[in-house]
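> what's the 3D shape of this:
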Amino acid sequence: MGVKLSSKAVELIEGKNFAHIATVNSDGWPHVTTVWVDHDGDYILVNTAAGRRKHKNLSKDPRVSLAIVNTSNPYEAVFIRGRVTEAVEGKEAEAHIHKLSKKYTGRDQYPLAPGERRVMYRIEPLKVMTWPPSK
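Residues are numbered from 1 along each chain as shown. Purely as a prediction, here's the structure:
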């Protein structure tokens with residue numbers, strides 16, 4: 001069973017802050033990449049193109065860690081350990097990348113490459129730590 005996102009975590013996720021997501025390569029080494037991030041209440045949402053390294057990694061191992069740092073104050077961050085509970089493709093994943101494009105770039109449409117398939121991952125948070133720690 002997952003844990004609830006803290007109010008600080010939600011604030012940072014809803015802000016125009018980037019997430020750094022770590023997945024596990026097939027050789028066991030971590031793979032870290034920067035992604036746009038969102039949430040749907042209890043779950044964290046990220047999006048990628050099918051065939052990219054994180055898509056391949058998450059197809060084999062659902063464990064992830066995320067670091068989301070406040071772009072206005074890099075000494076404020078949230079660190080989340082979780083697991084992918086659902087991979088969503090098709091129109092919902094495409095609508096999600098367009099929503100993220102609007103949030104991060106101000107553009108209504110993300111420039112999809114011809115034939116590009118998007119995958120939206122729903123991540124259940126298992127551990128959430130904010131910095132500085134809550135009092």
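> hey, let's count contacts and neighbours off CA atoms from now on
Noted.
> Downstream of the top helix by length along the chain, the next helix or strand is which one?
Longest helix in the chain, counting residues (DSSP state H): helix 91-105. As assigned by DSSP states H and E, the chain's next helix or strand after helix 91-105 is strand 118-131.
> helix/strand/coil for the residue most central in space within the chain?
By CA atoms, centre = their mean, the chain has its centre lying nearest to Val46, at 3.4 Å. At Val46 the chain is in strand, as set by DSSP: H, G, I helix; E, B strand; the rest coil.
> how much space is there between it and Pro133?
25 Å (CA to CA, to the nearest Å).
> ok, back up a step: isn't the residue nearest to the centre of the chain right up against Arg118?
No - if you go by CA atoms under 8 Å, Val46 and Arg118 don't touch, sitting 10.5 Å apart.
> Name the residues that touch the longest helix of the chain?
Residues outside helix 91-105 that contact it (CA atoms under 8 Å, 6 or more residues apart in numbering) are Lys16, Trp36, Val37, Asp38, Asn47, Arg107, Asp108, Gln109, Tyr110, Arg118, Val119, Met120.
> which one is the first one nearest to, not counting chain neighbours?
In this structure, Lys16 finds its nearest non-sequential neighbour in Tyr104, 6.0 Å apart by CA to CA, 6 or more residues apart in numbering.
> neighbours of that neighbour, just the number please.
Residues contacting Tyr104 under the criterion other CA atoms under 10 Å number 15.
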